[in-house]
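Any chance you could fold what I've pasted below:
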Amino acid sequence: MLKTRFLLGLFLIVGAFASCKKDSYNAEEQAKKDDVLIADFIAKNSIVAVKHSSGLYYQTLTPAANGENNFSGSTNVTVTYEGKLLDGTSFDKGTNVSFPLGNLIQGWQIGIPLVKRGGRIRLFVPSTLAYGNSSPGAGIPENAVLDFTIDLISAQ
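This is a model prediction of the structure:
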């Protein structure tokens, strides 16, 4: 009986500490930190980028001459892309891969419709529009700002 009470008490204490860590995350504060990181990065690298109302920064590298921007969450996009951290570490690449736009991180859902088919865009995605305070796996730490270069091949 005493052992059961001790274990129950231990689980309650561990649970309380675990929930404190999650509760301490403040998306608004993190967005401000990310904004400073991105603004500093683009200034240091002389990048001309536009800040979207969402907090995403983007640079149109190659505007497409023609194309439509009729995107929805069910739109399948085919892209070639590379994802990097701001320190230049590449964490992912894809060539001629297709995804439903609605299944992608918010930064891509916002950024891809900003370029037309055949165009190339660079997205600086704050962590709050990517994976937040969790790590999706090796190569991307929690609260990471992501830098993507994306060629939009098609959208249907």
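
Low-confidence ranges, this structure, go.
Applying pLDDT under 70 to the chain flags the ranges 1-23, 65-70, 72-74.

Provide the secondary structure category for residue 71.
With DSSP: H, G, I helix; E, B strand; the rest coil as the basis, residue 71 sits in coil.

Could you count how many residues lie near the nearest residue to it once chain neighbours are set aside?
Distance criterion Cβ to Cβ, 6 or more residues apart in numbering; nearest residue to residue 71, sequence neighbours excluded, is residue 113 at 4.2 Å. Every residue, glycine included, has its C-beta placed from N, CA and C. By other Cβ atoms under 10 Å, 18 other residues sit near residue 113.

Residue 113 falls within a helix, correct?
Yes - checked against three-state DSSP, residue 113 lies within a helix.

what separates it from residue 41, distance-wise?
Look at residue 113 and residue 41: by Cβ to Cβ, to the nearest Å, they are 23 Å apart.

repeat for residue 47
Look at residue 47 and residue 41: by Cβ to Cβ, they are 8 Å apart.

higher neighbour count, the two?
residue 41 (17 against 14).

Neighbours of the residue lying closest to that one once chain neighbours are set aside, how many?
Of all residues not flanking residue 41 in the chain, residue 86 sits nearest, at 5.2 Å (Cβ to Cβ, 6+ apart). Residues contacting residue 86 under the criterion other Cβ under 10 Å number 18.

The residue nearest to residue 71 reaches residue 77, doesn't it?
No - with contacts counted by Cβ atoms under 8 Å, residue 113 stays clear of residue 77, the gap being 9.2 Å.

Please identify every residue contacting each of these two.
Any residue near both residue 113 and residue 77 by Cβ atoms under 8 Å, 6 or more residues apart in numbering counts here, and that gives 71, 101.

buried residues in stretch 143-156?
Judged by neighbour count (16 or more other Cβ atoms under 10 Å), stretch 143-156 contains these buried residues: 143, 144, 145, 146, 147, 148, 149, 150, 151, 152, 153, 155.
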